[in-house]
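Undergrad: attaching a predicted model along with its sequence, questions to come.
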Amino acid sequence: MIVYHGSISNFQSFNKDTVVQNLSNDINTIGFWFTSDIHSAKPFATGSETVIEKSKSEFWENGEPKIVQYQRPVSGFIYKVYIDEPNLKIYESATEESFDLFMRDRDLYCDYLGSKKRNITWKNNAILLNKEEANTKFRESLVKQGYEGLVIRSTRIHNMITDMYCIFSEKSLLITEVFSLDN
């Protein structure tokens, strides 16, 4: 199976130290995330980086340049990745959003601010208090069931419909091609 991963980082292989993912709803630490098509991966390969440098136009009274900090746009890379047909938990529904099914399963492990008062879920935009613990317990639950990852079918991300894949281990991921967005 071929999937795509967008990142502003340039790396040679997937590992938890080099791959930084920026996903909403605090799901980024469940595993390594991919899309089913290259176009849906592109928004993950654009971002910004903080630059700190001496100003060329702003100076102190003594003539020394001021130090300025700003955000510079960054274009990254799309990784074409081969995965050898892993056993995936499939989230798919004809009657409701596949992403909702996935998040409902993960919510079983989540502790949201204020959840003692009423039944708060991710849909309430509540603050998740135990992101790492919730993602770890959710992943471990799926691994105990024999799954190596998950797929969320036909979900909307960045105004595109795609399948989202999450693979739990970097061992089964083979980068076959890297595309720079600068080219």
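TA: Looks like it came in fine.
Undergrad: contacts for whichever helix or strand residue 53 is part of?
TA: Using DSSP states H and E, residue 53 sits in strand 46-59. Residues outside strand 46-59 that contact it (C-beta atoms under 8 Å, 6 or more residues apart in numbering): 6, 8, 22, 65-76, 181. No exception for glycine: its C-beta is placed from N, CA and C like everyone else's.
Undergrad: each with direction, which strands does it pair with?
TA: With DSSP bridges as the test, strand 46-59 is paired with strand 65-75 (antiparallel).
Undergrad: quick check: next helix or strand after the strand it pairs with?
TA: Next along from strand 65-75, by DSSP H and E: strand 77-83.
Undergrad: shaky segments in this structure?
TA: 19-20, 115-118, 183 (pLDDT under 70).
Undergrad: can you map out the strands along it?
TA: 2-7, 32-35, 46-59, 65-75, 77-83, 88-91, 149-157, 160-167, 173-180 (DSSP state E).
Undergrad: the longest helix in the protein is where?
TA: helix 131-144 (DSSP state H).
Undergrad: one step back: for the strand holding residue 53, buried residues please.
TA: Burial within strand 46-59, assessed by neighbour count using 16 or more other C-beta atoms under 10 Å, is assigned to residue 47.
Undergrad: report the contact partners of the nearest residue to residue 148 once chain neighbours are set aside.
TA: Spatial nearest neighbour of residue 148, chain neighbours left out: residue 86 (3.8 Å); criterion: C-beta to C-beta, 6 or more residues apart in numbering. Residue 86 sits next to 1, 148, 149, 167, 172 when contact means C-beta under 8 Å, 6+ apart.
Undergrad: pull out the buried positions in stretch 149-167.
TA: When burial is assessed from 16+ other C-beta under 10 Å, stretch 149-167 yields the following buried residues: 149-153, 155, 157, 162-167.
Undergrad: between those, which is closest to residue 105?
TA: Nearest to residue 105 among these, counting by C-beta to C-beta, is residue 150 at 8.9 Å.
Undergrad: now do the contacts for the residue nearest to the closest one when sequence neighbours are not counted.
TA: Nearest residue to residue 150, sequence neighbours excluded (C-beta to C-beta, 6+ apart): residue 89, at 4.3 Å. Applying C-beta under 8 Å, 6+ apart, we find residue 89 in contact with 142, 145, 147, 149, 150, 151.
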